[in-house]
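Asker: quick one, what's the 3D model for this:
(2 chains, ligands or ions: 1)
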Amino acid sequence: MNDAFPDHPFGTRISRDELTGRLAHATGWEAKNRLLVQLGRDLPDWPADARTDDRLVSGCESRVWLAISRQGSTFALSADSDSRIIKGLLALVLTAFHGRSANEIATFDLEHWIGELGLLRFLSASRGNGLRAIVLKIREIASIQQ
Amino acid sequence: MDSQCPAPFPAGFADTVRSQFPLLQQNPDLVYLDSAASSQKPQYVLDTEQAFYTSSYANVHRGSYALASAATEAFENARTAVAAFLNVASDEIVFTRGTTEAINLVAHSWGSTLRPGDEILVSTLEHHANIVPWQLLAQRSGAVIRPIPLDQAGQIDLAAFHSLLGPRTRLLAITQAANATGTRPPLAAMIAAAHAAGALVLVDGAQGVAHGKPDLAALGADFYAFSGHKLFGPTGIGVLFGRRDLLAHMPPWQGGGEMIASVSFAGSSFAAPPQRFEAGTPPIAQAVGLAAALRWLGTLDADALAAHEAFLHSRLEHGLQQLRGVRILAGNTPRAPITALHFDKAHAFDVAQLLDARQIAVRVGQHCAQPLLAHFGISSSLRISLAAYNTPDDVDRCLAALDETLDILA
Ligand SMILES: Cc1ncc(COP(=O)(O)O)c(C=O)c1O
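Answerer: Next up is the predicted model:
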């Protein structure tokens, strides 16, 4: 990942299993939202000049920026948003996809995992478009650049 | 709440109203503060629609049998009820799908007379439904859209409005109350000035209609549009009022059954208004439901309702002023009971999520009014809107939840 994007722990120091466990402990919608806020805090903000329009993912209720670059056989991902809760969701997305191969990115069933975490409401008709748009974009870039 | 707040007036009003809304009864913990998007429905409206389907339902204006006559009579009685509510004549009422379709009807039908260079004044307070149809008309006709700017407070800039009026002004498109901030523009003065300049006025009543019976005879609007679903009525039904002499000269905009006098392949002649503008089978049961909603509204004491809404709105805004980092958009303009918020340190989406976790339903986003949010230099806001069935407890729970939410996000 180029230097413009700050280092983040998701997908490396923080694993999917760890997040699955933490979300399982957060019972209730309020607790899950609070945890997302916390995860959002752990995902560092991008510097202002990295938040460029060409990195914006459209179709989200808040602004979401995404950067993907190939590093050997895997992909490095970084993401940012002006919403804390969306940043928390981005932390989940990064955990699933950061440092993975194009094949892993194409085949991992993120929607299913989000469901397991009890966050299906974020995939519902009115809210889901944003998260879906992000995942589609990641899969598309990974498949083109593979 | 502290002691500066006025006492609820009149006591018990909201509880009486609320008890008539089955969705609120079945969800006692729900705090519904999104009535500007759509209101909940009283049992009476649901029952009336159901009874119509079970006792009087058939298609209208067609059958020669008794049931069809009963259905037609119920549908036309609904038109009469709407006309009485607006203080205009029945043949000036066109049923549509909603406000959006009513405005599109005017843009297509009346708009077909526009010439290149004709001007349409559209205010910056408008919902996209009162912007985009005019933009499409401008593309078709060569007419020009002139946006009416706002002042610092978020109110219509009257001086700028007056300077935009001219000999080419054909129409003023203006809301009765802005859906994104609640702001009520100075309608009477604007309508008078537009008429003096020889222009017509279309008033978007989608938000205004829910907060006081509009007297169109007194207001003097040439066209007025509203949706049933924001007025305790069903979805899929809306109203266009058009002045009789205007409708009489307007061409049809959709073709089909019901709107013709005679059809042959040599040509067709069209029915008189309002049928000329109601091609196809109309939303029959929805019109009957809307009439029921108007009857239901008529059972509420109008002064008590206005006082109740004003009380809740001031309780809400008084409480919001105690919270740090919260800005009320257009807070110093006269408004319908709508409060739009911007947060210094939190994203409106996050706040709404955390409110949702406490069963508090508010609206977040651009509210289909991007030019208005752009005026305030923001890309999204959180909107709280109040209705007859809201209670002081709803307001207090929202305030307490906001306080905690802003803490979590700080
Ligand atoms: C001011 C205003 N105009 C028009 C509309 C559009 O109404 P409808 O979607 O019922 O056609 C709305 C609805 O949000 C509104 O608030």
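Asker: got the buried residues for the worst-scoring helix or strand of chain A on mean pLDDT?
Answerer: Within chain A, confidence by mean pLDDT, DSSP states H and E is lowest for helix A:125-145 among all helices and strands, at a mean of 79. Neighbour counts over helix A:125-145 (16 or more other CB atoms under 10 Å in any protein chain shown) mark A:127, A:130-135, A:137-139, A:141-142 as buried. C-betas here are computed from N, CA, C, even on glycine.
Asker: again, but for stretch A:14-32
Answerer: Here stretch A:14-32 shows A:14, A:19, A:23, A:26, A:29-30, A:32 as buried, counting by 16+ other CB under 10 Å.
Asker: rebuild those residues as a markdown table, extending it with distance to chain B and pLDDT.
Answerer: Formatted as a markdown table, the buried residues of stretch A:14-32 follow (distance: CB to the nearest CB, whole Å; pLDDT from 0 to 100):
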| residue | distance to chain B | pLDDT |
| --- | --- | --- |
| A:Ile14 | 21 | 93 |
| A:Leu19 | 18 | 95 |
| A:Leu23 | 14 | 93 |
| A:Ala26 | 11 | 93 |
| A:Trp29 | 4 | 88 |
| A:Glu30 | 4 | 89 |
| A:Lys32 | 8 | 93 |
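Asker: of those, list those near the ligand.
Answerer: For the ligand, no contacts are drawn from these by CB under 6 Å from any ligand atom.
Asker: tell me which of the residues you listed is nearest to B:Lys345?
Answerer: Nearest to B:Lys345 out of these is A:Glu30 (CB to CB; 20.0 Å).
Asker: can you confirm the closest one is in a strand?
Answerer: No - read with DSSP: H, G, I helix; E, B strand; the rest coil, A:Glu30 is helix and lies in no strand.
Asker: packing partners for the helix or strand encompassing B:Thr405?
Answerer: Secondary structure from DSSP states H and E places B:Thr405 in helix B:392-409. Packing partners of helix B:392-409 (3 or more CB pairs under 8 Å, 6 or more residues apart in numbering or on different chains; DSSP states H and E): helix A:29-42, strand B:31-32, helix B:302-321, helix B:348-357, strand B:360-361.
Asker: tell me the contacts of B:Leu300?
Answerer: Listed by CB atoms under 8 Å, 6 or more residues apart in numbering or on different chains, the contact set of B:Leu300 reads B:17, B:388.
Asker: doesn't it fall inside a strand?
Answerer: No - B:Leu300: not assigned to a strand; according to three-state DSSP it is coil.
Asker: got the buried residues for the helix holding B:Thr405?
Answerer: B:392, B:394-395, B:397-399, B:401-402, B:405-406, B:408-409.
Asker: what's the spacing between the residue most central in space within chain B and B:Leu373?
Answerer: Note on chain B: the residue nearest the mean C-alpha position is B:Ala206, at 0.9 Å, using CA atoms, centre = their mean. Here B:Ala206 is placed at a distance of 18 Å from B:Leu373 (CB to CB, to the nearest Å).
Asker: A:Leu119 now?
Answerer: Taken as CB to CB, the span from A:Leu119 to B:Leu373 is 28 Å.
Asker: again, but for A:Asp109
Answerer: Taking CB to CB, one finds A:Asp109 at 37 Å from B:Leu373.
Asker: so which of the two has more stuff around it?
Answerer: Per other CB atoms under 10 Å in any protein chain shown, whichever of A:Asp109 and B:Leu373 has more neighbours is B:Leu373, with 20 against 10.
Asker: hmm, back to that, quick one: which of the buried residues of stretch A:14-32 is nearest A:Ala67?
Answerer: A:Ile14 (18.8 Å).
Asker: and the closest one, how close does it get to A:Leu94?
Answerer: As for A:Ile14, its distance to A:Leu94 is 9 Å (criterion: CB to CB).
Asker: quick one: stretch B:49-57 to chain centroid distance?
Answerer: Taking CA atoms, centre = their mean, to the nearest Å, the mean C-alpha location of stretch B:49-57 is offset from the chain mean by 27 Å.
Asker: actually stretch B:139-152, not the one I typed
Answerer: That offset, for stretch B:139-152, works out to 21 Å (CA atoms, centre = their mean).
Asker: also stretch B:197-214?
Answerer: On CA atoms, centre = their mean, the centre of stretch B:197-214 falls 9 Å from the chain's centre.
Asker: check which residues of that stretch are buried.
Answerer: Neighbour-count burial for stretch B:197-214, counted by 16+ other CB under 10 Å, picks out B:197, B:199-211, B:214.
Asker: ok, and the closest non-adjacent residue to B:Asp29?
Answerer: Using CB to CB, 6 or more residues apart in numbering or on different chains and skipping residues adjacent in sequence, the residue nearest B:Asp29 is B:Gln359, 5.0 Å away.
Asker: distance of the one you found from B:Ala210?
Answerer: 23 Å.
Asker: B:Gln286 too?
Answerer: Going from B:Gln286 to B:Ala210 by CB to CB gives 17 Å.
Asker: now swap in B:Lys230 and tell me
Answerer: Noted for B:Lys230: a distance of 5 Å to B:Ala210, by CB to CB.
Asker: intersection of neighbour lists for those two?
Answerer: Residues within reach of B:Lys230 and of B:Ala210 at once, by CB under 8 Å, 6+ apart, are B:35-36, B:39.
Asker: nearest to chain A, of those?
Answerer: For these, the minimum distance to chain A (CB to the nearest CB) is 16.7 Å, reached by B:Ala36.
Asker: got phi/psi on that closest one?
Answerer: As for B:Ala36, its main-chain torsions (degrees, to the nearest 10) stand at phi -70, psi -20.
Asker: tally of neighbours for it?
Answerer: Neighbour number of B:Ala36 under other CB under 10 Å is 27.
Asker: which residue ranges of chain A form strands?
Answerer: Secondary structure of chain A (DSSP state E): strands located at A:64-71, A:74-81, A:100-101.
Asker: cool, and the stretch 51-200 of chain B?
Answerer: Counting by DSSP state E, counting those that start in this stretch, one finds strands in the stretch 51-200 of chain B at the ranges B:93-96, B:119-123, B:144-148, B:169-175, B:200-204.
Asker: how about the ones you listed in JSON lines, adding distance to chain A and mean pLDDT?
Answerer: Putting the strands of the stretch 51-200 of chain B into JSON lines (distance: least, CB to the nearest CB, whole Å; pLDDT from 0 to 100) gives the following:
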{"stretch": "strand B:93-96", "distance to chain A": "25", "mean pLDDT": "98"}
{"stretch": "strand B:119-123", "distance to chain A": "26", "mean pLDDT": "98"}
{"stretch": "strand B:144-148", "distance to chain A": "24", "mean pLDDT": "98"}
{"stretch": "strand B:169-175", "distance to chain A": "24", "mean pLDDT": "98"}
{"stretch": "strand B:200-204", "distance to chain A": "24", "mean pLDDT": "98"}
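Asker: closest one to A:Leu43 among those?
Answerer: strand B:144-148 (39.4 Å).
Asker: and the helix or strand harbouring B:Ala285, anywhere near the ligand?
Answerer: For B:Ala285, the host element (DSSP H and E) is helix B:284-298. No - on the criterion CB under 6 Å from any ligand atom, helix B:284-298 is out of touch with the ligand, staying 12.1 Å away.
Asker: buried sites along that helix?
Answerer: Buried residues in helix B:284-298 (16+ other CB under 10 Å): B:284-294, B:296-297.
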